[in-house]
Each structure stands twice: as C-alpha cells, then as structure tokens.
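> Return atomic coordinates for the entry below.
(chains A and B)
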2 protein chains.
Amino acid sequence: MAVGLGPLPTLHPVAGFELGIASAGIKRPGRKDVVVMRCAEGSTVAGVFTLNAFCAAPVILAKKRVQNAVRYLLTNTGNANAGTGEPGLAAAERTTAKLAELTGVDASQILPYSTGVIGEPLPVEKIEGALQAALDDLSENNWEAAATGIMTTDTLPKGASRQFQHDGVTITVTGISKGAGMIRPNMATMLGYIATDAKVSRDVLQNLMLDGANKSFNRITIDGDTSTNDCCMLIATGKAALPEINRAEGELFAKLKQAVFEVCMDVAQAIVRDGEGATKFVTVEVNGGGNHQECLDVGYTVAHSPLIKTALFASDPNWGRILAAVGRAGVPDLDVSKIDVFLGEVCIASRGARAATYTEAQGSAVMQQEEITIRIELGRGDCSETIWTTDLSHEYVKINAEYRT
Amino acid sequence: MAVGLGPLPTLHPVAGFELGIASAGIKRPGRKDVVVMRCAEGSTVAGVFTLNAFCAAPVILAKKRVQNAVRYLLTNTGNANAGTGEPGLAAAERTTAKLAELTGVDASQILPYSTGVIGEPLPVEKIEGALQAALDDLSENNWEAAATGIMTTDTLPKGASRQFQHDGVTITVTGISKGAGMIRPNMATMLGYIATDAKVSRDVLQNLMLDGANKSFNRITIDGDTSTNDCCMLIATGKAALPEINRAEGELFAKLKQAVFEVCMDVAQAIVRDGEGATKFVTVEVNGGGNHQECLDVGYTVAHSPLIKTALFASDPNWGRILAAVGRAGVPDLDVSKIDVFLGEVCIASRGARAATYTEAQGSAVMQQEEITIRIELGRGDCSETIWTTDLSHEYVKINAEYRT
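Down below sits the predicted model:
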C-alpha cells in the first residue's frame, strides 16, 4: 500500500564505500539478513541515534564507537537486540569482535546495528557464521541488494542518490533506509545509511548529519512511537579528488549539503510512504509561528491526532478536528482569531472559524488525493516547520493487532 | 461495546437542584436535546473548562459567568456552537437571554453548554422554542432523563450517586456525564454535572471540583484529543440542614470530598468504558516517579501509543511496546535498569529487561481480560499517577472514519 513509492532509482556507487550481503538465517533460512559495509581507510563517519531511554545494545555500542576511526558497519535484521540487558551488550560486542578478527581492524572500529524482534537473545553464532560470506560479497555496486537486505516489514526497498560537479569532479551522495513504523518494538526500526565520496572533516560531517536528520528523519512520524533502535549514519570516504571540507561554508559545502539533504529527505519520506497501512502521504506545514518549537508542537499534535488520521483515511474534510488539534497543542496565549487553515490550496478556516468561501465539495476534492497538504498559518511570527505523516487505516490496526497473533 | 458499564444506578435526587428535559428538534424531530438545570437560590457553583484554545462560544460565556450567582444551566446537544466566531457568541447569549426572560433572573446567572456538530450556526430559535417545555418539566427526580438527554454518540447514559450521614443528616452527591471520545469535534464533547445538597462556600467548592477533576476527568483519555467543549460543573445547593463548609478541613468536608471524588470517578470512568470502539478498560498505573509530571508523561505516553492500544485490542502481551513507550516519554536521565513493568499481577519486565520468570502464557492470560492494569514502577521516587484509557480497535477507525460519510 506504499503511497507514491516506486522501484528504487539508480543508486550510484560511492568510491571507497562497499556493501556486502549474506544470509545468517536469523528468522528464516535463506533470507538475506546480514549487511556489512566497509568504509575506506581515512573515511569520516557521523551518526544520529534514538533518544529512547530503552535504546538497544547495538545503539549503545555504536554511539560510543562512532568517535573512533570507523571502518565497518555491521547490520542484522530479524533481531533487535533490545531489552536484552548486559547479555545483549556482550552479544553485540562478540559479533563485532568476530568481524574484527576476520578483517584485521580493531573491534572499536566496527559499529553494530540490529533491527527485528525485541527481547530475544541475539543469535551470535548465526551472525558470526555469515560474516565471511558478507565480506566476500563486498562491492561498491551493492546498494540495491543492501537496501533489500535491511528490510523487515517494509514492502519496498528505499534509496536515493544525487551527483553534482565541482571543479570538474563528480561527487556522489547515495543513501538507503528501512522502517515502516517509527517504531516496531517487535520488528524495530528505522535505519538510514548515507555515503559520499567527498572528503569531510568529522565535525562538519556530524553537523551535516544533525541538520539533515532534523529536516527529514526527525520530521517524519507514522504513529508517534520513537523506536529503541533508530540510527542514521553519514559516511564520507574522501575518495573524490577534491580538498577536504573542514568548514561549513563555501560552494562545495553548499552543494554537498544540498545533495545530502535531498537524499535524507527522499529516504526519510520513503519510510512514511511505506508506513504501516498508509493510504495517504500527508504534509503538515505550520507557518507564522513565534518560534520553531510551537510550530513543531502544532504540527505533531495534528500529525498524531487519531481523529484527524482517521478522517484522512476516510477522505473526510473534517476541519473541526484540525482546529481542535491546533487548539490543544499547548501554544501559550494562542489567539485563535489569527489562525487560517488550508487543505491543499483551499482555505477551510479563516481567522479561527469556518471560512466563508469554503464549501464541502472543495474540501472533499482535496481529500480524495493520495498526497495531501494541511497548512496552518498561526499569524504569530516568522517561523515554519514541516512534518510528514500517514493516515490511520483499518490496515494499520490489522497490521499492529495481528502482528504476533 | 461499552466495557463493564451497566444500566444507570439509582440516582438520588439532590434537594434544591431540578432538571427539565425538552425536545428542540436540533438534529432530528422528537429527540430530547435540551436540558435546563435550576439551582436553588443561594447555591454555589464551581466549574472546570477545556484548556483548548479553540474553546466553544458557550464555554467562553460559562467561564465568565460562573463567578456570578448562578441559577440555571442550559445544555443543548446536536450543535457544539464551536468554530463559530462572534456570531456563535451572540447566539449563546441569545439563548440565555431568552431563558432569563422566561424565568425572571438575569442572563448573567445562566450558564450555557453545547455539544454536537462543530462549525454550524446554533439554531437559536429551535432552542428558544423548547425552553418553556423544559422549565415545565423541572423536577428533582429527573436525573435519569437528563443523563439520557445530554447523550450524543454515547451508547449508554452515565451517572453515579452517593449518600452519607453527618450529625443525623443525609447528604447526597449525584452526577451525570456524557462523552464517548475525549473529543468529537463533530459531536463534541465531554460534559459532567455533579450536584450536592451540602452547603459549601464557592472557594472550597471550586477547589473540590479542581481536585476531583484532576483525579478523574483529567486522568481519562481515549484518543488524546482534548475537546473544544469540555466542561464539568459542581453545584452545592445548601438545602441540607448543616452548617456551611467554608474551609477544606474537618469531618464533614472529608466525607463530602470522598463522595464527590467517587461520583467524579464513576462518571469519568464511565466515559472510558463507553469509549469509541472500546473493547478493553485499561488502567495505567505509574509508581515510583520523582515527581507527578513524569508519572503523567509516562502514563499518557503508554495510554496514547497506537502500538500499545492495538496490542491491547489484540490481547497481545507485547511488552516490548510498553518498554519502548516508557523509554520515549521524555523523563530526564531515566535509568532503565531500575524499571519494572507489570501486566495485572504478572511481572513482564524487571530491571529494564524481560523478566526471567515471565512466560507468554502468563501475559496472554491477563490480556484476555476485559479490564487490564498496566503497572510501571520507575524506581525514582515516591510519586504515583493513574490514568484510564481504552484500546484501539477496528471499530474505533470505523466510527471515526465513517462518522460523516
């Protein structure tokens, strides 16, 4: 039921970044469920990680090790290694130790990622047994296979790629992601990997990852449930024949930033488009806020309202539900008489009440579309925020109610 | 599909508080949709009102007038008079002016309440036309009829009553409520009316209402959507032959407080039991918090999680979803290794990970029940909070997706 999400676009290889896929048979025999990514020596690596206090063992380890000279990323599906306590941490360490042994790097240079069932022991031996095959498979041309290899309940693989020229050199940014709910505590989670052959200092790269995630991964929501395993990584291999970017300024940085943001946005929005039971892709745009937080508060309140989400599913232009959500978002001293609300281009509420020009037929026409924008003008200032979400369908309840039964 | 909600219990009349019901034909002819309540002269009246910034016209008026010597409460169903701007305010004023004219009191002594469709003009003439019939119907014995008269999409009327003795005098506390979702922006809202024949000063009464609502109405949630029209009123007629309670202390106050709290709790929980599509009545108990707010943050995060609510609907003891919700509730410096989670009496997670003693069969047995308690021990302090909610069923999506189609 993915909304507006087609087959993978061309995913350009990134010099110095190889991917290898193998089958460890974690959930079922033959399923590709282990992905090893190798970063060329001298690569810089940045990451953003879930803020959930119950973060999984691999997240704890990856957060700690991302400061090191990272050489490998090791991902498994089928088991999240979350809610597993100290033994889970030891298990994650063992898989990276084995990969270190096979590759001759230090285990501290290997970051683990897990996604799948929560609370079950990580099948360490199975993963260890698949590592050599994944290493043998390493290739810069394996992005498509890796995008498929990290899928869990995703219905489609997700990836994006951009190239740009600078001083006659072609720079590539390619990324993949997985996730069909912001959280699947049983089949956790959102993962994203983006690589570029630009050479970027770690500080600049980390800020680029943070900024990019804040405009994309941190602005999508399906059910408001933040996962225990969310991670997004940005790797710069430095293989392109251009000087290092060590300050967040200049033309090269600006071009790279745009390419990274576009790839982030594509693969983040792809997660929403493939959201559990999604029949609509919904953009919630909040303008005229006094600050960014109040724009986000209004946006998320609208995006998470079960009543609005069910109305979207029903293609019902129920503007009262939108006004009510804006009103309860907790914005201090909100003057409702300054608020306008638009559905697509149609003004449904003006100055806090039903717009005089509005007709139900206009609203219905917008709501019939697969991609819908709800725009809220707060009339308080100059800040804006945009959030992407899905509707709430029968299929969502079915997927989540019947997941383990 | 109401969970554990039977026919109305005996609702004892309250001396000095009369109720009259009539039909204005607002949504359909013959439907009882106007309720007038008369408070004896000298009554004190307290109220709590929605915090939604888009509060409805009658709420604006009632909030302003509740400080006065209130004599009448005028309620209509079928139209919420919300999202109606200045004309809505004028309409609410007109209905109370008409009732003032018929009764000889000042309009400032009349509080209006509306519940029903948002954004449509209040049919003032229809309501005015029904007022005399409602006045003719006034009787202290009309609680049952009024409980039915304020229903909108409720499947059952909701009421509770308590009596206690003090110095040989019987004091009565009786209340009714309506609401099947915290918000129905189309068929708004939660309303509660509780009356007692005790004599209580306005300050003490207002604090009693606040405290009572905070432990009951403000602790129930069906979908997290706070309505534009929520109101709960507490009326003390002073007809019982006992001295005025003008301080929040002493045996009489303690007895009254307990009776008011019990009535609040019964009629508030009745709203959850009759919640949209509810198949489970769920108590979320959070103990060991460092302060009340963090207990509430954890409780509401669990109560609003679509993933937990669908698991409850499916009777699936999906403990990973509960841990993940606790972890994302935003409690600062949460030490997950101190957290225990119980499903009924069964310990499902101990010290932040799956309990060694836990078996799926134990969890399933609890989840099969209609009434389920999720207990979370944070291990940070001595504060506790309890919240009541429902599951998220196919029926919920159906009700809200098909409401206007």
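> Using the centroid of chain A, identify the residue furthest from it.
Distance from the C-alpha centroid of chain A, by CA atoms, centre = their mean, peaks at residue A:356 (40.0 Å).
> gap between that residue and chain B?
Per CB to the nearest CB, to the nearest Å, residue A:356 is found 10 Å from chain B. Where you see a C-beta, it was placed from the backbone N, CA and C, and this is true even at glycine.
> how much space between that residue and residue A:349?
For residue A:356, the distance to residue A:349 equals 11 Å [CB to CB, to the nearest Å].
> Just the pLDDT at the residue farthest from the centre of chain A, thanks.
Reading off the confidence values, residue A:356 has pLDDT 88.
> How about residue A:250?
95.
> any idea how far residue A:108 is from it?
Relative to residue A:108, and taking CB to CB, residue A:250 is found at 33 Å.
> tell me which element the nearest residue to residue A:78 once chain neighbours are set aside is part of?
Excluding the flanking residues, the one nearest residue A:78 by CB to CB, 6 or more residues apart in numbering or on different chains is residue A:26, at 3.4 Å. Of the helices and strands defined by DSSP states H and E, none includes residue A:26.
> quick one: residue A:26 and residue A:79 touch, right?
Yes. Contact criterion CB atoms under 8 Å: residue A:26 and residue A:79 qualify, at 5.6 Å.
> the more surrounded of these two?
Remark: of residue A:26 and residue A:79, residue A:79 carries more neighbours, 29 against 21, as counted by other CB atoms under 10 Å in any protein chain shown.
> Confirm for me that the more buried one is in contact with residue A:123.
Yes. Contact criterion CB under 8 Å: residue A:79 and residue A:123 qualify, at 6.5 Å.
> Near chain B, which residues of the stretch 1-150 of chain A are found?
Residues of the stretch 1-150 of chain A lying near chain B by CB under 8 Å from any CB of the partner chain: A:51-55, A:82-85, A:88, A:117-119.
> related to what we said a few turns ago, what sits against the residue nearest to residue A:78?
With contact set as CB atoms under 8 Å, 6 or more residues apart in numbering or on different chains, residue A:26 has these partners: A:33, A:34, A:76, A:77, A:78, A:79, A:116, A:123, A:126, A:127.
> where along chain A do the helices fall?
A:57-65, A:85-103, A:124-136, A:143-149, A:202-215, A:251-273, A:292-304, A:306-313, A:319-327, A:360-367, A:394-401 (DSSP state H).
> contacts for the last one?
Defining contact as CB under 8 Å, 6+ apart, one finds that helix A:394-401 is touched by A:1, A:153, A:181, A:223, A:276-279, A:313, A:390, B:306-307, B:310-311, B:313-314, B:316, B:392-394, B:396-398, B:401.
> and these, which are buried?
Neighbour counting over those (16 or more other CB atoms under 10 Å in any protein chain shown) leaves A:1, A:153, A:181, A:223, A:276-279, A:313, A:390, B:306-307, B:310-311, B:313-314, B:316, B:392-393, B:396-398, B:401 as the buried ones.
> The closest residue to residue A:319 other than its chain neighbours: how many residues sit nearby?
In this structure, residue A:319 finds its nearest non-sequential neighbour in residue A:348, 4.3 Å apart by CB to CB, 6+ apart. Counted with other CB under 10 Å, residues neighbouring residue A:348 total 27.
> One more: residue A:251?
Neighbour count for residue A:251, taken as other CB under 10 Å: 9.
> So in terms of bridging, what pairs with the nearest residue to it once chain neighbours are set aside?
Using CB to CB, 6+ apart and skipping residues adjacent in sequence, the residue nearest residue A:251 is residue A:166, 7.2 Å away. Beta-bridge pairing of residue A:166, defined through DSSP bridges, involves residue A:169.
> Quick check: neighbours shared by residue A:26 and residue A:79?
Joint contacts of residue A:26 and residue A:79 (CB under 8 Å, 6+ apart) are A:116, A:123.
> Just the pLDDT at residue A:183, thanks.
Value for residue A:183, per-residue pLDDT: 46.
> and if you look at the one 5 residues further on?
The per-residue pLDDT reported for residue A:188 equals 49.
> got it, and the one 10 residues further on?
As predicted, residue A:198 sits at a pLDDT of 96.
> What is the burial count for it?
30.
> what about stretch A:372-387 and chain B, touching?
No. Using CB under 8 Å from any CB, stretch A:372-387 stays clear of chain B, with a minimum separation of 10.8 Å.
> Residues touching that stretch, excluding its own?
With contact meaning CB under 8 Å, 6+ apart, stretch A:372-387 is reached by A:219-221, A:280-292, A:294-296, A:298-300, A:302-303, A:312, A:322, A:326, A:331, A:334-335, A:338-344, A:366.
> What's the separation between residue A:113 and chain B?
Separation of residue A:113 from chain B (CB to the nearest CB) stands at 17 Å.
> Grab the nearest non-local neighbour of residue A:119.
Nearest to residue A:119 is residue A:83, by CB to CB, 6+ apart, at 4.2 Å.
> what about that neighbour, how many residues close to it?
Burial of residue A:83 is recorded as 26 neighbouring residues (other CB under 10 Å).
> got it, and the one 4 residues further on?
With neighbours defined by other CB under 10 Å, the count for residue A:87 comes to 13.
> pretty sure it contacts residue A:124?
No. If you go by CB under 8 Å, residue A:87 and residue A:124 don't touch, sitting 10.1 Å apart.
> quick revisit: closest one to residue A:241 out of the contacts of residue A:26, please.
residue A:34 (33.1 Å; CB to CB).
> and the closest one, what does it touch?
By CB under 8 Å, 6+ apart, the contact set of residue A:34 is A:21-24, A:26, A:74-76, A:127, A:130-131, A:134, A:149.
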